[in-house]
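Undergrad: Build me a model from this:
(one chain, ligands or ions: 2)
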Amino acid sequence: MIEFKDVYKSFDDKHVLRGINLTVNEGELISILGPSGCGKSVTLKHIIGILQPDRGEVWVDGQFVPKLSRNGLQELRKRVGVLFQSAALFDSMSVKENVAFMLRMHTRMLETEIDKRVAECLAQVELRGVEELNPDELSGGMRKRVGLARAIAMKPNYILYDEPTTGLDPKTAIIIGDLIVRLQRQLNITSIVVTHDVKLATDISDRIALFHDGKVAAIGAPAEISQDGGQLIRQFMEGQL
Ligand SMILES: Nc1ncnc2c1ncn2[C@@H]1O[C@H](COP(=O)(O)OP(=O)(O)OP(=O)(O)O)[C@@H](O)[C@H]1O
Ligand SMILES: [Mg+2]
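TA: Ligands and ions are numbered 1, 2, ... in the order given. From the prediction side, this is the model:
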(Lines give C-alpha, C1' and ligand atoms only; values in the text may rest on other atoms or scores of the structure.)
(Ligands and ions follow the chains in the order given, each with its own letter.)
Protein backbone atom coordinates (compact mmCIF):
# COMPACT_ATOMS: atom_id res chain seq x y z
CA MET A 1 0.00 0.00 0.00
CA ILE A 2 1.16 3.53 -0.77
CA GLU A 3 0.02 6.40 1.42
CA PHE A 4 0.47 10.17 1.22
CA LYS A 5 -0.60 12.04 4.35
CA ASP A 6 -0.84 15.79 4.02
CA VAL A 7 2.28 16.09 1.87
CA TYR A 8 3.69 19.53 1.10
CA LYS A 9 6.51 20.26 -1.32
CA SER A 10 7.84 23.60 -2.53
CA PHE A 11 10.69 24.56 -4.79
CA ASP A 12 11.91 27.99 -3.63
CA ASP A 13 8.69 30.00 -3.47
CA LYS A 14 6.81 27.66 -5.80
CA HIS A 15 4.34 25.66 -3.73
CA VAL A 16 3.76 22.53 -5.79
CA LEU A 17 2.19 20.02 -3.40
CA ARG A 18 -0.12 21.61 -0.85
CA GLY A 19 -1.53 18.83 1.25
CA ILE A 20 -1.69 15.69 -0.86
CA ASN A 21 -3.71 12.91 0.74
CA LEU A 22 -3.84 9.70 -1.24
CA THR A 23 -4.03 5.99 -0.47
CA VAL A 24 -3.30 3.43 -3.16
CA ASN A 25 -4.48 0.00 -2.10
CA GLU A 26 -2.87 -3.35 -2.75
CA GLY A 27 -3.59 -4.56 -6.29
CA GLU A 28 -5.26 -1.30 -7.28
CA LEU A 29 -4.78 0.62 -10.53
CA ILE A 30 -5.13 4.32 -9.90
CA SER A 31 -4.67 7.11 -12.41
CA ILE A 32 -3.58 10.65 -11.61
CA LEU A 33 -4.92 13.35 -13.90
CA GLY A 34 -4.09 17.01 -13.72
CA PRO A 35 -2.74 19.95 -15.67
CA SER A 36 0.88 20.24 -16.69
CA GLY A 37 3.09 21.41 -13.84
CA CYS A 38 0.63 20.50 -11.09
CA GLY A 39 3.06 18.09 -9.44
CA LYS A 40 2.21 14.66 -10.80
CA SER A 41 5.81 13.65 -11.54
CA VAL A 42 6.93 15.28 -8.28
CA THR A 43 4.41 13.09 -6.44
CA LEU A 44 5.77 9.91 -8.05
CA LYS A 45 9.32 10.92 -7.13
CA HIS A 46 8.33 11.00 -3.45
CA ILE A 47 7.34 7.33 -3.62
CA ILE A 48 10.84 6.16 -4.45
CA GLY A 49 12.56 8.79 -2.33
CA ILE A 50 14.05 10.84 -5.17
CA LEU A 51 12.34 13.81 -3.50
CA GLN A 52 11.56 14.41 0.17
CA PRO A 53 8.42 16.12 1.43
CA ASP A 54 8.79 19.43 3.27
CA ARG A 55 5.97 18.33 5.51
CA GLY A 56 3.72 15.29 5.75
CA GLU A 57 4.25 11.56 5.39
CA VAL A 58 4.91 9.14 2.54
CA TRP A 59 4.52 5.44 3.33
CA VAL A 60 5.15 2.40 1.12
CA ASP A 61 4.35 -1.04 2.58
CA GLY A 62 4.41 0.42 6.08
CA GLN A 63 7.83 2.01 5.58
CA PHE A 64 8.29 5.73 6.10
CA VAL A 65 10.08 6.64 2.86
CA PRO A 66 11.69 9.99 3.89
CA LYS A 67 13.58 8.25 6.71
CA LEU A 68 14.85 5.25 4.73
CA SER A 69 18.60 4.68 4.64
CA ARG A 70 20.48 4.35 1.33
CA ASN A 71 20.12 0.59 1.60
CA GLY A 72 16.46 0.86 2.48
CA LEU A 73 15.89 3.04 -0.57
CA GLN A 74 17.71 0.55 -2.79
CA GLU A 75 15.52 -2.26 -1.49
CA LEU A 76 12.43 -0.11 -2.01
CA ARG A 77 13.42 0.65 -5.60
CA LYS A 78 13.64 -3.06 -6.36
CA ARG A 79 9.98 -3.38 -5.40
CA VAL A 80 8.81 -0.31 -7.28
CA GLY A 81 9.25 -0.34 -11.06
CA VAL A 82 9.14 3.03 -12.78
CA LEU A 83 8.33 3.91 -16.36
CA PHE A 84 9.74 7.42 -16.54
CA GLN A 85 8.03 10.16 -18.50
CA SER A 86 10.60 10.13 -21.30
CA ALA A 87 10.82 6.28 -21.27
CA ALA A 88 14.49 7.12 -20.87
CA LEU A 89 16.34 4.17 -22.31
CA PHE A 90 20.11 4.07 -22.35
CA ASP A 91 20.80 4.76 -26.01
CA SER A 92 24.28 3.32 -25.94
CA MET A 93 22.99 -0.04 -24.70
CA SER A 94 21.11 -2.75 -26.55
CA VAL A 95 17.50 -3.53 -25.67
CA LYS A 96 18.74 -6.57 -23.77
CA GLU A 97 21.14 -4.51 -21.65
CA ASN A 98 18.44 -1.93 -20.96
CA VAL A 99 16.04 -4.58 -19.69
CA ALA A 100 18.81 -6.39 -17.80
CA PHE A 101 20.10 -3.22 -16.14
CA MET A 102 18.57 -3.73 -12.68
CA LEU A 103 19.17 -7.49 -12.81
CA ARG A 104 22.89 -6.92 -13.30
CA MET A 105 22.98 -4.27 -10.62
CA HIS A 106 20.94 -5.98 -7.93
CA THR A 107 21.08 -9.73 -8.51
CA ARG A 108 23.71 -12.40 -9.06
CA MET A 109 21.84 -14.03 -11.91
CA LEU A 110 23.88 -16.02 -14.39
CA GLU A 111 24.01 -14.91 -18.02
CA THR A 112 21.65 -17.70 -19.11
CA GLU A 113 19.18 -16.69 -16.39
CA ILE A 114 19.40 -13.05 -17.47
CA ASP A 115 18.77 -14.05 -21.10
CA LYS A 116 15.70 -15.99 -20.00
CA ARG A 117 14.33 -13.22 -17.78
CA VAL A 118 14.88 -10.56 -20.47
CA ALA A 119 13.05 -12.71 -23.05
CA GLU A 120 10.19 -13.26 -20.56
CA CYS A 121 9.85 -9.54 -19.88
CA LEU A 122 9.90 -8.70 -23.58
CA ALA A 123 7.27 -11.38 -24.22
CA GLN A 124 5.08 -9.81 -21.48
CA VAL A 125 5.08 -6.58 -23.48
CA GLU A 126 4.63 -8.47 -26.74
CA LEU A 127 8.07 -7.84 -28.13
CA ARG A 128 10.20 -10.75 -29.22
CA GLY A 129 13.64 -11.11 -30.74
CA VAL A 130 14.57 -7.45 -30.34
CA GLU A 131 17.27 -8.02 -27.71
CA GLU A 132 20.15 -6.97 -29.90
CA LEU A 133 18.56 -3.84 -31.35
CA ASN A 134 19.56 -0.39 -30.14
CA PRO A 135 16.91 1.99 -28.79
CA ASP A 136 17.36 4.32 -31.79
CA GLU A 137 16.16 1.49 -34.03
CA LEU A 138 12.79 1.34 -32.24
CA SER A 139 9.54 3.21 -32.76
CA GLY A 140 8.13 5.34 -29.93
CA GLY A 141 5.63 2.64 -28.98
CA MET A 142 8.35 0.00 -28.93
CA ARG A 143 10.53 2.22 -26.74
CA LYS A 144 7.70 2.56 -24.22
CA ARG A 145 7.29 -1.20 -24.25
CA VAL A 146 11.01 -1.76 -23.68
CA GLY A 147 10.81 0.76 -20.83
CA LEU A 148 7.94 -1.30 -19.45
CA ALA A 149 9.89 -4.55 -19.85
CA ARG A 150 12.71 -2.92 -17.89
CA ALA A 151 10.27 -1.78 -15.20
CA ILE A 152 9.00 -5.34 -14.62
CA ALA A 153 12.39 -7.08 -14.77
CA MET A 154 12.77 -7.19 -10.98
CA LYS A 155 9.20 -8.49 -10.53
CA PRO A 156 8.08 -5.39 -8.67
CA ASN A 157 5.01 -5.14 -6.48
CA TYR A 158 4.37 -1.64 -7.78
CA ILE A 159 4.75 0.14 -11.10
CA LEU A 160 4.64 3.90 -11.49
CA TYR A 161 3.84 4.95 -15.04
CA ASP A 162 4.58 8.57 -15.90
CA GLU A 163 2.59 9.40 -19.05
CA PRO A 164 2.92 5.98 -20.65
CA THR A 165 0.97 6.88 -23.79
CA THR A 166 2.08 10.45 -24.45
CA GLY A 167 3.29 10.86 -28.01
CA LEU A 168 1.83 7.57 -29.22
CA ASP A 169 -0.86 7.11 -31.86
CA PRO A 170 -4.31 6.12 -30.52
CA LYS A 171 -3.96 2.46 -31.49
CA THR A 172 -0.58 2.06 -29.82
CA ALA A 173 -1.90 3.95 -26.80
CA ILE A 174 -4.70 1.38 -26.48
CA ILE A 175 -2.18 -1.47 -26.69
CA ILE A 176 -0.12 0.10 -23.89
CA GLY A 177 -3.30 0.64 -21.83
CA ASP A 178 -4.23 -3.04 -22.26
CA LEU A 179 -0.76 -4.03 -21.24
CA ILE A 180 -0.91 -1.97 -18.06
CA VAL A 181 -4.17 -3.67 -17.12
CA ARG A 182 -2.79 -7.11 -17.96
CA LEU A 183 0.31 -6.57 -15.82
CA GLN A 184 -1.87 -5.42 -12.94
CA ARG A 185 -4.21 -8.42 -13.22
CA GLN A 186 -1.77 -11.21 -14.13
CA LEU A 187 1.12 -10.17 -11.94
CA ASN A 188 -1.06 -8.45 -9.32
CA ILE A 189 0.99 -5.28 -9.60
CA THR A 190 -0.31 -2.20 -7.81
CA SER A 191 -0.14 0.59 -10.36
CA ILE A 192 -0.15 4.36 -10.51
CA VAL A 193 -0.63 5.86 -13.96
CA VAL A 194 0.05 9.55 -14.44
CA THR A 195 -1.61 10.73 -17.62
CA HIS A 196 -3.34 13.53 -19.50
CA ASP A 197 -5.36 10.96 -21.36
CA VAL A 198 -8.85 11.00 -19.80
CA LYS A 199 -10.04 8.15 -22.00
CA LEU A 200 -7.12 5.94 -20.99
CA ALA A 201 -7.70 6.75 -17.32
CA THR A 202 -11.42 6.01 -17.64
CA ASP A 203 -10.81 2.74 -19.48
CA ILE A 204 -8.18 1.19 -17.25
CA SER A 205 -8.47 2.61 -13.72
CA ASP A 206 -10.09 1.30 -10.58
CA ARG A 207 -9.99 4.90 -9.36
CA ILE A 208 -9.01 8.26 -10.77
CA ALA A 209 -7.47 11.09 -8.73
CA LEU A 210 -7.67 14.59 -10.15
CA PHE A 211 -4.92 16.90 -8.94
CA HIS A 212 -5.61 20.61 -8.72
CA ASP A 213 -3.97 23.42 -6.72
CA GLY A 214 -1.53 20.99 -5.15
CA LYS A 215 -4.27 18.81 -3.71
CA VAL A 216 -6.36 15.81 -4.69
CA ALA A 217 -9.42 17.74 -5.85
CA ALA A 218 -11.54 14.70 -6.68
CA ILE A 219 -11.10 10.95 -6.39
CA GLY A 220 -13.26 7.98 -7.19
CA ALA A 221 -14.14 5.23 -9.62
CA PRO A 222 -14.28 6.48 -13.23
CA ALA A 223 -18.10 6.49 -13.21
CA GLU A 224 -18.20 8.26 -9.84
CA ILE A 225 -15.69 10.91 -10.70
CA SER A 226 -17.41 11.83 -13.92
CA GLN A 227 -20.34 12.80 -11.65
CA ASP A 228 -18.68 14.16 -8.48
CA GLY A 229 -15.60 15.48 -10.18
CA GLY A 230 -17.67 16.32 -13.22
CA GLN A 231 -17.16 20.03 -13.36
CA LEU A 232 -13.42 19.80 -12.70
CA ILE A 233 -12.93 16.94 -15.16
CA ARG A 234 -14.81 18.93 -17.80
CA GLN A 235 -12.71 22.01 -17.13
CA PHE A 236 -9.59 19.88 -17.28
CA MET A 237 -10.57 18.43 -20.65
CA GLU A 238 -11.50 21.82 -22.00
CA GLY A 239 -8.13 23.19 -21.00
CA GLN A 240 -9.45 25.53 -18.34
CA LEU A 241 -7.45 24.04 -15.45
N1 LIG B 1 13.78 19.30 -8.93
C2 LIG B 1 13.04 20.41 -9.12
N3 LIG B 1 13.52 21.63 -8.83
C4 LIG B 1 12.77 22.74 -8.99
N5 LIG B 1 11.49 22.73 -9.47
C6 LIG B 1 10.96 21.55 -9.77
C7 LIG B 1 11.70 20.32 -9.63
N8 LIG B 1 10.90 19.31 -10.00
C9 LIG B 1 9.74 19.86 -10.38
N10 LIG B 1 9.76 21.20 -10.24
C11 LIG B 1 8.64 22.11 -10.52
O12 LIG B 1 7.50 21.59 -9.89
C13 LIG B 1 6.34 21.78 -10.71
C14 LIG B 1 5.64 20.46 -10.91
O15 LIG B 1 6.44 19.64 -11.72
P16 LIG B 1 5.98 18.20 -12.22
O17 LIG B 1 7.10 17.69 -13.04
O18 LIG B 1 5.56 17.37 -11.07
O19 LIG B 1 4.73 18.54 -13.11
P20 LIG B 1 3.71 17.52 -13.81
O21 LIG B 1 2.40 17.62 -13.14
O22 LIG B 1 4.34 16.18 -13.87
O23 LIG B 1 3.58 18.17 -15.27
P24 LIG B 1 3.57 17.49 -16.73
O25 LIG B 1 2.17 17.04 -16.94
O26 LIG B 1 3.95 18.60 -17.64
O27 LIG B 1 4.57 16.38 -16.73
C28 LIG B 1 6.85 22.43 -11.98
O29 LIG B 1 6.60 23.79 -11.91
C30 LIG B 1 8.32 22.15 -11.99
O31 LIG B 1 9.02 23.17 -12.64
MG1 LIG C 1 5.19 15.06 -15.35
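Undergrad: helix, strand or coil for the residue in the chain that ligand 2 sits nearest to?
TA: For the chain, the residue closest to ligand 2 is residue 41, as judged by CB to the ion, at 3.2 Å. Placement of C-beta: from N, CA and C, glycine included. Of the three states, residue 41 takes helix under DSSP: H, G, I helix; E, B strand; the rest coil.
Undergrad: so who does the residue lying closest to residue 40 once chain neighbours are set aside touch?
TA: With sequence-adjacent residues excluded and distances taken as CB to CB, 6 or more residues apart in numbering, residue 40 is closest to residue 194, at 4.4 Å. When contacts are counted by CB atoms under 8 Å, 6 or more residues apart in numbering, residue 194 is found next to 31-32, 40-41, 43-44, 85, 160-163.
Undergrad: which one of those residues is nearest residue 221?
TA: Checking the contacts of residue 194 against residue 221 with CB to CB, the nearest one is residue 31 at 11.1 Å.
Undergrad: Phi first, then psi, for residue 219.
TA: With angles defined as degrees, to the nearest 10, residue 219 sits at phi -150, psi 140.
Undergrad: pLDDT score assigned to it?
TA: For residue 219, the pLDDT comes out at 92.
Undergrad: Tally up the residues packed near it, please.
TA: Summarising burial for residue 219: neighbours were counted as other CB atoms under 10 Å, giving 19.
Undergrad: give the contact list for it.
TA: Applying CB under 8 Å, 6+ apart, we find residue 219 in contact with 22, 207-210, 225, 229.
Undergrad: Report the contact partners of residue 68.
TA: 49, 76.
Undergrad: Against residue 17, how distant is it?
TA: Taking CB to CB, to the nearest Å as the measure, residue 68 and residue 17 are separated by 19 Å.
Undergrad: Format the contacts of residue 194 as JSON lines; extra columns: pLDDT, neighbour count and secondary structure.
TA: Conversion of the contacts of residue 194 to JSON lines gives the following (pLDDT from 0 to 100; neighbours: other CB atoms under 10 Å; DSSP: H, G, I helix; E, B strand; the rest coil):
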{"residue": "31", "pLDDT": "97", "neighbour count": "26", "secondary structure": "strand"}
{"residue": "32", "pLDDT": "97", "neighbour count": "27", "secondary structure": "strand"}
{"residue": "40", "pLDDT": "95", "neighbour count": "23", "secondary structure": "helix"}
{"residue": "41", "pLDDT": "94", "neighbour count": "18", "secondary structure": "helix"}
{"residue": "43", "pLDDT": "97", "neighbour count": "28", "secondary structure": "helix"}
{"residue": "44", "pLDDT": "96", "neighbour count": "22", "secondary structure": "helix"}
{"residue": "85", "pLDDT": "75", "neighbour count": "15", "secondary structure": "coil"}
{"residue": "160", "pLDDT": "96", "neighbour count": "26", "secondary structure": "strand"}
{"residue": "161", "pLDDT": "95", "neighbour count": "27", "secondary structure": "strand"}
{"residue": "162", "pLDDT": "94", "neighbour count": "21", "secondary structure": "strand"}
{"residue": "163", "pLDDT": "92", "neighbour count": "21", "secondary structure": "coil"}
